[in-house]
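Colleague: Return atomic coordinates for the entry below.
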Amino acid sequence: MKNTSLACKDTTLISVLQGHFKGELNLARVKLICLFITALCKIKTINYDRLASGFDTKADKNSSYRRIQRFMKDFDFPMKTISILIFNLLPYKDDLVLVLDRTNWKFGSKNINILMLGVSYKNVAFPLMFKMLDKKGNSDTDERIDLIKKYIEWFGKESINCLLADREFVGSKWLEFLNNENIRYYIRIRNNFYIYSYQKQQEIKAFWLFNNLKVGEFYHYPKIVELHGQRCYLSGSKTIDRDANMEFLIIVSFNKPEQAMVYYKQRWQIETLFKGLKSSGFNIEDTHVTDLERLEKLFSLTIIAFVWCYKIGDYL
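Modeller: Predicted coordinates:
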């Protein structure tokens, strides 16, 4: 059996990272990242002390602990470098279904709030790029637009099939941006949003278009409507929520509304990602790091570990 210890210089992870970071990171830095990732996969917590004890090295735990601290304090780890690494690990590079969502937790009085853009892949979303939000609550339109613009700059608009997002991600300027960029999207809206119906020549609540459906029945409204001043299509179904109350799942789209439900179901994959990063995987919430710059580096290493684990599972 091949030696997979990090003392063995030709391990696959070292080779992949060395190839990617060529000219940016020396071998010592690459090996430290590999030690961190493999320790994280074994220990399954982001706690520095426990991570240091999981380092596959002859150095003592205190020495490993100090190496982690120095890396988080001094090393610059650009988002673009991480995103391109993960993009290169994707099995395909076009027709991508992007998923936008936000995850948050509290440490003491500090709110940790992260806006994430992932790529739908085999029942999970690969974490591609993110933005640390120095506040609690929803992201704003400019933060979302900035993330998508960076994606387009780094990977090209032609790689996008469509964008999926939940009810938090709506608004006039946001929809206008997506429409102007010709980015197809399927975004859930709130039941009580008012839309303008050209057919009825009046404003109505969105759910009225789907009120006559049976539970579980799906319908795409064939006429163009106006939401937040933007022309769009609506699709929807009538469902029962966890508390046995009736609700509507209404999706706004740029075009191809008949495909709305097929695509929107994939949005849940980013929730699977968040579980993997948090309680069902790497326990990112265990960190005591609250400085946003250091937390961004820590989160970057964690998403590399997540993708690497998934790629290994895929291979096996």
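Colleague: what ranges do the helices span in this protein?
Modeller: If you assign secondary structure with DSSP state H, the helices in the chain sit at 12-20, 27-43, 48-53, 61-74, 79-89, 141-155, 172-180, 260-264, 269-277, 292-315.
Colleague: mind giving me a markdown table with the ones you listed and columns for distance to K214?
Modeller: Placement of C-beta: from N, CA and C, glycine included. As requested, the helices of the chain are arranged in a markdown table below (distance: least, CB to CB, whole Å):
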| stretch | distance to K214 |
| --- | --- |
| helix 12-20 | 51 |
| helix 27-43 | 47 |
| helix 48-53 | 52 |
| helix 61-74 | 55 |
| helix 79-89 | 42 |
| helix 141-155 | 35 |
| helix 172-180 | 30 |
| helix 260-264 | 15 |
| helix 269-277 | 27 |
| helix 292-315 | 38 |
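Colleague: if we compare those, which one ends up closest to D134?
Modeller: Shortest distance between D134 and those, using CB to CB, is found for helix 292-315: 6.0 Å.
Colleague: angle of that closest one against helix 79-89?
Modeller: In terms of direction (axes from the mean of the first three to the mean of the last three CA atoms, to 10 degrees), helix 292-315 departs from helix 79-89 by 10 degrees.
Colleague: the inter-axis angle of helix 292-315 versus helix 12-20?
Modeller: Going by the same axes, to 10 degrees, helix 292-315 makes 120 degrees with helix 12-20.
Colleague: Report the inter-axis angle for helix 292-315 versus helix 27-43.
Modeller: Per the same axes, to 10 degrees, the angle that helix 292-315 makes with helix 27-43 is 70 degrees.
Colleague: and helix 292-315, which residues are buried?
Modeller: Burial within helix 292-315, assessed by neighbour count using 16 or more other CB atoms under 10 Å, is assigned to 294-311.
Colleague: Mind putting the helices of the chain into JSON lines with mean pLDDT?
Modeller: Putting these into JSON lines (pLDDT from 0 to 100) gives the following:
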{"stretch": "helix 12-20", "mean pLDDT": "85"}
{"stretch": "helix 27-43", "mean pLDDT": "88"}
{"stretch": "helix 48-53", "mean pLDDT": "89"}
{"stretch": "helix 61-74", "mean pLDDT": "88"}
{"stretch": "helix 79-89", "mean pLDDT": "92"}
{"stretch": "helix 141-155", "mean pLDDT": "96"}
{"stretch": "helix 172-180", "mean pLDDT": "95"}
{"stretch": "helix 260-264", "mean pLDDT": "94"}
{"stretch": "helix 269-277", "mean pLDDT": "92"}
{"stretch": "helix 292-315", "mean pLDDT": "86"}
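Colleague: Below-threshold pLDDT in the stretch 101-250 of the chain: ranges please.
Modeller: Counting by pLDDT under 70, the stretch 101-250 of the chain shows low-confidence ranges at 108.
Colleague: Strands of that one, residue ranges please.
Modeller: Assigned by DSSP state E, counting those that start in this stretch, the stretch 101-250 of the chain shows strands spanning 110-121, 124-133, 160-165, 185-189, 194-197, 202-205, 218-220, 225-227, 230-240, 246-253.
Colleague: Report all helices and strands that the last one contacts.
Modeller: Okay, so that is strand 246-253. Contact analysis of strand 246-253 by 3 or more CB pairs under 8 Å, 6 or more residues apart in numbering; DSSP states H and E lists strand 185-189, strand 230-240, helix 260-264 as its packing neighbours.
Colleague: For the last one, buried residues please.
Modeller: Meaning helix 260-264. Of the residues in helix 260-264, those buried under the neighbour-count criterion (16+ other CB under 10 Å) are A260, M261, Y263, Y264.
Colleague: Would you convert those residues into CSV that also reports distance to L117?
Modeller: Formatted as CSV, these follow (distance: CB to CB, whole Å):
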residue, distance to L117
A260, 20
M261, 22
Y263, 16
Y264, 17
